[in-house]
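K.L.:
Below is the sequence, then the predicted model.
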Amino acid sequence: MEDVQRLDPETEFLCSKQETGNEWELFKENVRPLKRGRNIHLLNNALKAQTDNQLKHSLLENRRKLIQAIDEYQGDDPLQPWIRCIKWVQEAFPPGGDYSGLVVIYEQCARTFWHEDRYKDDLRYLKVWLEYAENCVDAEVIYSFLDANKIGQSHSSYYISYALHMESKNKVKSANDIFNLGIERNAQPIEKLKAAYKKFFARCLTRPKATEDDLTEKHLPVRSFGTVLARGENQRQTAGGSDLARKKLKPDRNNAISIYKDTDTGVSMVHQPDVSNNELKLWHSLGSRAERNKENNAIPAKWTSYKIPQRAVPRIGRPAATPRIEVFVDEEYAEMPEMGGEDGKPSTSQLEQGDGVDLKRETQLLRENPLRNFPLNSLPR
């Protein structure tokens, strides 16, 4: 019986002479995590494309074919090719970003099926919306859109994501109402929703009361630029400032308001030696009504009767027409063309054509305004 000596993984890799396998160690800080995890072999091939132009073009070509397959699909589940394309792009472009076109794919997939009733309770379609919301600057408008159009209302994932987003914006009361709404509607799985609500409630108990409302922000102490308040000092001064403001707002009815009266008239006379007694006595009488309105005695005259003398100026020939000033328009921020097709449905032609500046620009616009291409009648009011 021969003893088989097993090599350690590092020596085994060096002996195999594989071309890929260590890209994960070189580019792992640029990889976005996925909830379902990643295939290490596909991940290494995708990361190698950052230094291999031929592999990079191959990835773009595969993406173009998957998008083309969406337009050519004739089956009973048109959402399936979109899901397949999204998962492949997530694997093939680990860093994500504007170059991958993933945000544009999310938006076009969401815009394709938002009005179809059969997908409003489809968990796959809801996950597309939730992943789209994670890539936007402010996802509250997306959750409001889903609520207005009754999309994903039977799934607990909608309420959990919505509530956690509101909690991240320090809107704790709104987050609590969203959790209660999901439990009231018996969103499934209800155990997952209740467990998330229990963790949320535990976080609320440990949260300082000062951060739950913005009432104390108006009475924060004034500090010079560059100074930092300690936590205890900040709480003491905030409490003191709020008590002081509360005392100022509440009047004391027992104490009468004292009115200042200057009884020492001799001091004022010392500083005004030039003022005679007669001039001072004039202020004791306001005079007649005619004297008080003396500035209105002037009679208005007709302005057209006055003429301004003009100096004769010799006429000069008409100046030559100068060329118009051309307004500079930056190509990077030029107006984007419509993303929809002739029948109003989103067009995938831009995704098929490539990796140009238009794709990056559209991604940036969608991050700031995720519903910019949706019809106005579908937006929440």
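P.N.:
Structure's in. What do you need?
K.L.:
pLDDT weak spots in the stretch 251-381 of the chain?
P.N.:
251-255, 263-285, 293-298, 315-321, 330-357, 381 (pLDDT under 70).
K.L.:
ok, 90 please
P.N.:
Residue ranges of the stretch 251-381 of the chain with pLDDT under 90: 251-361, 375-381.
K.L.:
Tell me who's in contact with residue 102.
P.N.:
For residue 102, the contacting residues are 86, 89, 90, 93, 96, 135, by C-beta atoms under 8 Å, 6 or more residues apart in numbering. Using the backbone N, CA and C atoms, a C-beta is placed for each residue, glycine as well.
K.L.:
actually residue 62, not the one I typed
P.N.:
With C-beta under 8 Å, 6+ apart, residue 62 has these contacts: 88, 92.
K.L.:
Check residue 84 too.
P.N.:
residue 66.
K.L.:
hmm, back to that, show me which of the contacts of residue 102 are buried.
P.N.:
Neighbour-count burial (16 or more other C-beta atoms under 10 Å) is assigned, among those, to 86, 89, 90, 93, 135.
K.L.:
Using pLDDT, spot the least trustworthy of these.
P.N.:
Lowest pLDDT among those: residue 93, with 83.
K.L.:
buried stuff in stretch 170-183?
P.N.:
Applying 16+ other C-beta under 10 Å to stretch 170-183 flags 171, 172, 174, 175, 176, 178, 179, 182 as buried.
K.L.:
Just the closest of those to residue 69, please.
P.N.:
Set against residue 69, the nearest of the buried residues of stretch 170-183 by C-beta to C-beta is residue 182 (36.0 Å).
K.L.:
quick one: which of the contacts of residue 102 sit in helices?
P.N.:
86, 89, 90 (DSSP state H).
K.L.:
Which one of those is nearest to residue 323?
P.N.:
For the ones in helices among the contacts of residue 102, the nearest to residue 323 is residue 89 (48.5 Å; C-beta to C-beta).
K.L.:
Identify the residues contacting that closest one.
P.N.:
Counting by C-beta under 8 Å, 6+ apart, residue 89 has contacts 63, 66, 100, 101, 102, 105.
K.L.:
In ChimeraX, how would I select just the buried ones from the residues you listed?
P.N.:
The buried residues among those can be selected in ChimeraX (16+ other C-beta under 10 Å) with this line:
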select :63,66,100,101,102,105
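K.L.:
and the contacts of residue 89 as a markdown table, adding secondary structure and distance to residue 195?
P.N.:
Below are the contacts of residue 89 laid out as a markdown table (DSSP: H, G, I helix; E, B strand; the rest coil; distance: C-beta to C-beta, whole Å):
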| residue | secondary structure | distance to residue 195 |
| --- | --- | --- |
| 63 | helix | 38 |
| 66 | helix | 36 |
| 100 | helix | 33 |
| 101 | coil | 35 |
| 102 | helix | 30 |
| 105 | helix | 32 |
